[in-house]
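Participant: Sequence plus the predicted model coming up.
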Amino acid sequence: MQVVNLEQLKREGALWQGRRNRQADDRVLASGWKVLDELLGGGWPRAALSELLSDAHLGLSVLLPLLARLSERERWLAWVAPPYVPYAPALRAHGIRIERVLLLRDLSSTQRLWAAEQALKSGACGVVLVWPEQVQTAQLRRLQLAAEQGDCPAVLFRSSRAANQGSPAALRLRLRPSPLGIEAEVLKRRGAWSSARCIVPMHGAAGCGSGAREDGVF
Amino acid sequence: MLWLALYFPQLPLEVFARSRQQAGALAVVETDAGRERISRCNSAAQAYGIGPGLALPTALALHTALAVQPRDRTREQRALQALASWAYQFSARISFEPSSLLLEVGASRRLFGGLAALLTIMQREIVQLGYTVQHALAPTATAAGLLARYRPGCRIENADALRVTVAPLPVAALTRDPDARALIRHIGLESIDDALNLPRPEMARRCGPQLSALFDRLLGMAPDPRPEWQPPRYFDQSIELFGEISRTTALVFPARRLMVALCGFLRGLGGGAQRLQWRLIHRDHPPTPFDQGLLDPSRDPDHMLEMFRERIARLQLPEPVIAISLRVDDWQAFEERSLAIFESTQSDDQSLLERLGNRLSEQRVRGLRCLADHRPERAWRFCRPGEPDDSLPFIVQRPIQPPWLLPQPRPLPAPQGLPQYGGDLNLEHPPERIETGWWDGFDISRDYFIAHSPAGERFWVFHDRRGGGWYLHGLFM
């Protein structure tokens, strides 16, 4: 009879626990949202690719606490082809040091992927946010490798239509607007069950200013 | 004093040949007594038995595909000027002789770790610039110039050795002045030794004051004043390609020659360049200009070349290129320290920005900063990445601001007087009123609301109190 090591199963995320204890884990970056950290097993994957799938480029608001914390280091927060102008006063109100913001604009589809890969590999970025146009699975794999190589989290903002496409990303979250905030549903998480979900509270004070820090993560 | 003469024996040919790594048979012709004769030719032409002095029709009979250029002294003069710009890094005292540069190196030899080291550096870079060179060192400029032609490689440091070395050389080699040469033939002097063995009054009588003075300058017995070359205020050089280049990768070779020349010029001025202005010249189409920006002032050709390769990879050529030119208008004080940084430990930060800027153009690689203004359009601007955000004390803290802004407010339909965007928008009250700007002509009066769509999205919309319309201006997403 095979002996099952309970602790190992827990570590691998193969064992469902009603409420997972958040551990200090250097493979993740705390998201700044208590509910989200619980959903993600501690936070965003570090040195790996995450995908945020939505119908309307949702997700920046969810990332703001992470960006604020990463901007304290002398690393770039790289934005590859953002769909609108990041509004500098708002970013600063969220505690982001905007001199660390690096915007790459007006890029073709291939330029976006090239720039993202360069930024990830360089070791000079704290995080790389990418809004690709179309992206093949092989290209995703390159980004995933670059993220590992540069020890840098990559966040891809993709259409929810991409949910059916296979992906080497460590994390795939589907985001939907909800009356209470943004609903996040795990489509894939390395070493964990999918289809768990939570609502990241955005409205009222939590969605703006430095309110995101009020839930005590930082 | 110690003078270094650099004589470029193949200059008439190399001004045409240096743009290509490999060239077909090429010859430069001069007209001598009404007949065109080969003056210089490259090794490809020599392989067909063509050599200097051969009549052009004979040369063409030997090889019909021989490329022929008439000798162009203006171009040679320009090339010497360019070489002087490069050589200024080794000496601040430079003067010219035909096909030669004369540099006073007594003062600078120590800076470069001795003469041997200095000559090694120069030899290597001259090859990179696309020229062949013969050199000589002597205590006088006139002697150095003479010896570089007739005794290349020699190094004379005292007057006795100088006299012995120049003695067997023909007197005619001393001057190009036809009158003086006629005089030399007339008085029957062969070698310099013949002239120097004459008693002084006899020499003065037979050779005339001009030639006597030349001997004195040769041996350092009289001062040898020469106009000193002044470096130009900016760098502007070009290389003609003599043939058409349609692949951008073929530009790398001539571009590197220009970069070596530029970096020599910059070292002479103690500066580094930050912006290289390139122009590709086409036969009919207007030139293709492009800038190559460097994050830190540089004078390292290898570093510049690496950036150049990335920069030209995204270049579209409207037509083949017939010439390439490089201009640098201004340079920055350069600290030697940063040379070491470029060589090995350039920060990841800088090299990432440089690589992105080169490949994508600098307009696409931007930073952000806040401005002290209530109006959302004027509350921020793009800047160079990493520009410090020093506007802190003046920033308006709004209660709620969206992380995304539309570049232009987008008009929203408002059929019942209330805005719609994916359905009726539900507005949060009270709005924030922004009313300002009369002093600079951008006068606004707006009520900003947070608006909820039926799907649960949140937007930043405003009501224009002047024009009366509704607009979408930001997104919370």
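Facilitator: It's in. Numbers count the residues shown, from 1 in each chain, chains lettered A, B, ... in the order given.
Participant: Mind checking the pLDDT average for stretch B:11-26?
Facilitator: Regarding stretch B:11-26, the rounded mean pLDDT is 84.
Participant: From the opening residue of it to its closing one, how far?
Facilitator: With CA to CA, to the nearest Å as the measure, stretch B:11-26 spans 13 Å from end to end.
Participant: Give me the buried positions along it.
Facilitator: Buried residues in stretch B:11-26, counted by 16 or more other CB atoms under 10 Å in any protein chain shown: B:11-20, B:23, B:25-26. The C-beta positions use only the backbone N, C-alpha and C, and glycine is treated the same way.
Participant: Can you tell me what sits against it?
Facilitator: Contact partners of stretch B:11-26, identified using CB atoms under 8 Å, 6 or more residues apart in numbering or on different chains, comprise B:8, B:27-28, B:39-42, B:44-45, B:47-48, B:50, B:63, B:65-69, B:71-72, B:75-76, B:78-80, B:99, B:129-132, B:239-243, B:253-254, B:257.
Participant: Now, of those, which are buried?
Facilitator: Using 16+ other CB under 10 Å, the buried ones in the contacts of stretch B:11-26 are B:8, B:27-28, B:39-42, B:44-45, B:48, B:50, B:63, B:66-69, B:71, B:76, B:79-80, B:99, B:129-131, B:239-242, B:253-254, B:257.
Participant: Which members of those occur in helices, if any?
Facilitator: Those of those mapping onto helices are B:44, B:45, B:76, B:79, B:80, B:129, B:253, B:254, B:257, per DSSP state H.
Participant: now, the most widely separated pair of those residues?
Facilitator: B:44 and B:80 (25.1 Å; CB to CB).
Participant: What about the closest residue to residue B:283 other than its chain neighbours? Give its phi and psi, please.
Facilitator: Closest residue in space to residue B:283, ignoring its immediate chain neighbours: residue B:322 at 5.6 Å, by CB to CB, 6 or more residues apart in numbering or on different chains. Main-chain dihedrals, residue B:322, degrees, to the nearest 10: phi -110, psi -10.
Participant: Please give me every residue in contact with residue B:322.
Facilitator: Residues counted as contacts of residue B:322 (CB under 8 Å, 6+ apart) are B:240, B:241, B:243, B:244, B:245, B:281, B:282, B:283.
Participant: May I have the predicted confidence score for residue B:352?
Facilitator: 89.
Participant: swap in the one 10 residues further on?
Facilitator: Here, the pLDDT recorded for residue B:362 equals 83.
Participant: number of nearby residues for the residue in the stretch 201-350 of chain B that chain A sits nearest to?
Facilitator: Chain A sits closest to residue B:348 of the stretch 201-350 of chain B, with a gap of 3.8 Å, by CB to the nearest CB. The local packing of residue B:348 (other CB atoms under 10 Å in any protein chain shown) involves 16 other residues.
Participant: Please name the residues that touch residue B:407.
Facilitator: A:84, A:85.
Participant: Kindly apply the preceding question to residue B:458 instead.
Facilitator: A:177, A:202, A:203, A:207, B:402, B:450, B:451, B:452, B:475, B:476, B:477.
Participant: what number of residues lie near the fifth one?
Facilitator: Each residue near residue B:402 was counted by other CB under 10 Å, and the total is 25.
Participant: Confirm that it lies within a helix, as I assumed.
Facilitator: No - assignment of residue B:402 by DSSP: H, G, I helix; E, B strand; the rest coil gives coil, placing it outside any helix.
Participant: contacting residues around the closest residue to residue B:70 other than its chain neighbours?
Facilitator: In space, and not counting its chain neighbours, residue B:70 is closest to residue B:29: 5.9 Å by CB to CB, 6+ apart. Shown here is residue B:29, whose contacts under the criterion CB under 8 Å, 6+ apart are B:36, B:37, B:38, B:39, B:56, B:68, B:69, B:70, B:71.
Participant: hmm, 7 Å instead?
Facilitator: B:36, B:37, B:38, B:39, B:56, B:68, B:70, B:71 (CB atoms under 7 Å, 6 or more residues apart in numbering or on different chains).
Participant: Which of these sits closest to residue B:317?
Facilitator: residue B:68 (27.9 Å).
Participant: Contacts only, for that closest one.
Facilitator: So, once contact is read as CB under 7 Å, 6+ apart, residue B:68 ends up touching B:27, B:29, B:56.
Participant: quick check, residue B:459 in a helix?
Facilitator: No - Residue B:459: not assigned to a helix; according to three-state DSSP it is strand.
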